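Undergrad: okay, here's the prediction I keep looking at, along with the sequence it came from:
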Amino acid sequence: MTVLIAGATGLVGTAALKHFGSRAIALSRRVPPDLHGARHMAVDLTDAAACRAAAASWRDVTHLVYAALYELPGLVDGWRDEAQIRVNDAMLRNLLEPLIAAAPGLRHVTLLQGTKAYGVHVRPMKVPAREGRSEMREQPNFYWAQEDYLRSKSVPWTILRPVLIVGEAIGGAMNLIPALGVYAALMREQGTVLPYPGGAARVGQAVDGDLLARAIAWAGEAEAARNETFNVTNGDVFVWENVWPAIAEAVGMTPGKTVPFSLRSVSDVAWNAVRARYSLVSPRLRDFVGLSMEYADYQMRFGQTEPGPASIVSTIKIAQAGFNEVMDTEAMFRKWFRVFQEKRLLPPP
């Protein structure tokens, strides 16, 4: 088995890279902090010629994990942008066309989507959202362009739709651990209480990055996953205020009352002072959190005063197909803060 991982520095790509290790080829413009024994190739997926040139090295590839993503500045606003749709569509085509031609043993493609398939970013979702009946195809989305293209190919595929992914990545667009970790570190400079910075509550779900990687590995081999779409979650639901005590404990603080605060307003100067104080190895703010401050404000509903509609997907289909792993979401947050702390990316608790 040789697994080509596109988008190897993102949340999904990092988890897949750690799972497959020396069996993987990592595709990304930046070199991942830890290759876990994999081979890295710097390829810009927006460059069709570069992809064709790189394909000579892909002859032995048996599986493609496509986790590459192009996001516009501002993040949430870009989710409906026509240019973003075109770029993401072209990136998959630029990679898959030469890969199919170069790798005669290619036997599976895993494509990552998410709850935007159900219109979570533009309307209240149907609860629970189910694969094949709750999609919002009428809303332009690069998911549909990529999915329709993939369905037209002869190679078997699986589409996974994880909810909020929590894991290990630096500089990504949607990773809450560095974003919340930076916020907590700045609050700790002022005392031991960690106020909740978000808005009105909404019931949602999350998925651990390592659990998602195991779902990807399962999908690549299971006959029941062939040419199917599955939601993936930890198996429970949560409200931010209710998991806030676990997050506060993970960073060595006491949970406080709600004090609305936009994480986008955090300054590089303040973060640099924390980095120096604790001799952290994490980079400057933008390189550490990417667009994740914007994503944190969106997820925690900063500025929203009315309770939001529940964002819940069904995982019955993937469980019935044979993937039954679950994880407690509070334990997941504790786990990833500990990882970032042990690697000196965030201050110790």
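TA: Looks like it came in fine.
Undergrad: relative to M174, how far out is A246?
TA: From A246 over to M174 the distance is 20 Å, taken as CB to CB, to the nearest Å. Backbone N, C-alpha and C define where each C-beta goes, glycine included.
Undergrad: so which residues of the stretch 151-300 of the chain form helices?
TA: Under the criterion DSSP state H, counting those that start in this stretch, helices of the stretch 151-300 of the chain are mapped to 176-188, 209-219, 240-250, 268-278, 285-289, 292-299.
Undergrad: pipe those helices into TSV and attach mean neighbour count per row.
TA: What follows is those, written out as TSV (neighbours: other CB atoms under 10 Å):
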stretch	mean neighbour count
helix 176-188	23
helix 209-219	23
helix 240-250	18
helix 268-278	15
helix 285-289	20
helix 292-299	22
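Undergrad: among these, which comes closest to F20?
TA: Relative to F20, the nearest member of those by CB to CB is helix 209-219, separated by 7.3 Å.
Undergrad: identify all contacting residues around the closest one.
TA: If you take CB atoms under 8 Å, 6 or more residues apart in numbering as the criterion, helix 209-219 is touched by 11-12, 14-16, 18-20, 65, 108, 110, 158, 160, 162, 165-169, 225, 230, 232, 234, 318, 322-323, 325-327, 336.
Undergrad: just the buried subset of the residues you listed, please.
TA: Neighbour-count burial (16 or more other CB atoms under 10 Å) applied to those gives 11-12, 14-16, 18-20, 65, 108, 110, 158, 160, 162, 165-169, 225, 230, 232, 234, 318, 323, 325, 327, 336.
Undergrad: what about the contacts of helix 209-219, which are in strands?
TA: V65, H108, T110, T158, L160, P162, I165, V166, F230, V232 (DSSP state E).
Undergrad: which one of those residues is nearest A56?
TA: V65 (20.3 Å).
Undergrad: K257: what's it in contact with?
TA: If you count contacts by CB under 8 Å, 6+ apart, then K257 has P195, Y196 around it.
Undergrad: how does it look with 7 Å?
TA: P195 (CB atoms under 7 Å, 6 or more residues apart in numbering).
Undergrad: now swap in P197 and tell me
TA: By CB under 7 Å, 6+ apart, the contact list for P197 reads Y183, V259, P260, F261, L263, M300, F302.
Undergrad: possible to save the residues you listed as TSV with pLDDT and distance to V120?
TA: Shown next, in TSV, are the contacts of P197 (pLDDT from 0 to 100; distance: CB to CB, whole Å):
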residue	pLDDT	distance to V120
Y183	97	23
V259	96	26
P260	95	22
F261	95	24
L263	95	20
M300	94	15
F302	94	17
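Undergrad: pick out the most distant pair among the ones in strands among the contacts of helix 209-219.
TA: Spanning the widest gap among the ones in strands among the contacts of helix 209-219 are H108 and V166, at 25.7 Å by CB to CB.
Undergrad: surely V43 is in contact with C51?
TA: Yes - the pair V43 / C51 is scored as a contact, 6.3 Å apart, by CB atoms under 7 Å.
Undergrad: name the single longest helix found in this protein.
TA: Longest helix in the chain, counting residues (DSSP state H): helix 82-102.
Undergrad: average pLDDT for it, rounded please.
TA: Across helix 82-102, pLDDT averages out at 93.
Undergrad: distance from that helix to the middle of the chain?
TA: 19 Å (CA atoms, centre = their mean, to the nearest Å).
Undergrad: where does this structure have low pLDDT?
TA: The chain contains residues with pLDDT under 70 at 72-80.
Undergrad: got the contact list for Q113?
TA: The neighbours of Q113, taking CB under 7 Å, 6+ apart as the test, are Y143, I159, R161.
Undergrad: which of those residues tops the neighbour count?
TA: Highest neighbour count within the contacts of Q113, by other CB atoms under 10 Å: R161, with 25 neighbours.
Undergrad: quick one: that one from V232, how far?
TA: Counting by CB to CB, the gap from R161 to V232 is 7 Å.
Undergrad: and for R130?
TA: Separation of R130 from V232 (CB to CB): 13 Å.
Undergrad: what do you get for T110?
TA: 11 Å.
Undergrad: so what sits against both of these two?
TA: Residues touching both T110 and V232 (CB under 7 Å, 6+ apart) are L160.
Undergrad: not counting residues beside it along the chain, what's closest to L92?
TA: Q146 (4.9 Å; CB to CB, 6 or more residues apart in numbering).
Undergrad: contacting residues around that neighbour?
TA: The neighbourhood of Q146, defined by CB under 7 Å, 6+ apart, consists of N88, D89, L92, L111.
Undergrad: how far does stretch 53-73 sit from its chain's centre?
TA: Chain-centre distance of stretch 53-73: 17 Å, with CA atoms, centre = their mean.
Undergrad: go through that stretch and flag the buried ones.
TA: If you call a residue buried by 16+ other CB under 10 Å, then stretch 53-73 has these buried ones: 54-55, 58, 61, 63-71.
Undergrad: for P98, state which of those residues is nearest.
TA: Closest to P98, out of all of the buried residues of stretch 53-73 and judged by CB to CB, is A55, at 3.7 Å.
Undergrad: for that closest one, list the residues it contacts.
TA: P98, L99, A101, A102.
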